[in-house]
Structure formats: structure tokens, C-alpha cells
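> my questions are about this predicted structure, shown below with the sequence.
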Amino acid sequence: MGAKLSGGGGSKFQIEQNSEINVTPFVDVMLVLLIIFMVAAPLASVSVVLELPPAMAPPSQNPPKPIYISIQRSGSVYIGDFSTDLGRIGEDLRKQIGTRNPEKERIFIRADKETIYGDFMGVMNALQDNGFYSVALIGTDQNKPRLH
């Protein structure tokens, strides 16, 4: 803070505090830093010439296509777009996953909100009986508007 040596309304011996920010030292420091960076920037560029090898990464495998099981309000079960029932669900899933390990395969289940709990548990039990243990449940996000 500084002192105000002259002002209106007081005696000439009265000293008041000056509460205004003095930006001059701040501007001086910023200008010095700007000059330092302007001088140092050309030094940061590399002047050694190299012939770099091409960056070739082996192509990675695409992740497997997710498998969705849909359960309608009536209890009808679908794998993807194809209809199935609880007796054939394991066989139909094995056809879709091919040679992949069913114990590590993630199955996504979507069910209508009016689905009977027994129908849902029937699908879950059929999956476990056939060795499909990794199951994820799909729901709607309540914050996003639904498209009709």
C-alpha cells in the first residue's frame, strides 16, 4: 500500500492510505518474462537432422460385437433380432460367439419395464446354466429425452 500525500478536505499534515492496486511492477515482470520466452523459444527447436523410421504398429483386433438379449413385455426373448426361447438360448448364443469363451463373454440384457420378474429370472438362469456368467443390464438414462 502507498500513502496519499495530498487530497481535498484535510490539513496538509494528514496522511491517508492509498488502497488502489499498483500494476506497474506487475507489468514490468510480465514484460521481462515475455522477453525471456521470446529469446528462449528459438533455442528449444532441434537443429539435428535425422531420418526417422516410419511408425508402423501392428493392426489390433476389433472388439467383438456385443450381444444383446431383449425380453419383451409378453415374455418373448430375442438374441439380437432373432427370436429364441429358454431351451435354445445357450445353443443360439454359442452360434453367435463362435470360438470365444462363454465364461468371459459379456451379454447385455434389455427388458421392457412391464416384463414379469419371473421371465427375466428365467433368462438369467438359462444364461448361467449355459456358462454365460458376465451379464450387464441395459436401462434408459432418465436425464435424456426418449425418442418415440
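Looks like it came in fine. Fair warning: this is a prediction, and the values are worked out from it, not measured in the lab.
> residue 103: what secondary structure?
Assigned with DSSP: H, G, I helix; E, B strand; the rest coil, residue 103 falls in the coil class.
> helices along the protein, start to end?
For the chain, applying DSSP state H gives helices covering 24-44, 89-97, 117-129.
> winner for burial among those?
Highest mean neighbour count of the helices of the chain: helix 89-97, a mean of 16 (counted as mean count of other CB atoms under 10 Å). No exception for glycine: its C-beta is placed from N, CA and C like everyone else's.
> about what we covered before: and the helices of the chain: which comes nearest residue 69?
For residue 69, the closest of the helices of the chain is helix 117-129, at 6.4 Å, according to CB to CB.
> return that closest one as CSV; C-alpha atoms alone will do.
Extracted as CSV, the C-alpha positions of helix 117-129 are listed here (Å, rounded to 0.1, in the frame of the first residue of the first chain):
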residue,chain,number,x,y,z
TYR,A,117,-39.8,-60.7,-13.0
GLY,A,118,-40.1,-64.5,-13.4
ASP,A,119,-39.4,-64.2,-17.2
PHE,A,120,-36.3,-62.1,-16.5
MET,A,121,-35.0,-64.6,-13.9
GLY,A,122,-35.7,-67.4,-16.4
VAL,A,123,-33.4,-65.8,-18.9
MET,A,124,-30.7,-65.2,-16.2
ASN,A,125,-30.9,-68.8,-15.0
ALA,A,126,-30.7,-70.1,-18.6
LEU,A,127,-27.6,-68.0,-19.2
GLN,A,128,-25.9,-69.3,-16.1
ASP,A,129,-26.8,-72.9,-16.9
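> alright, calling it a day.
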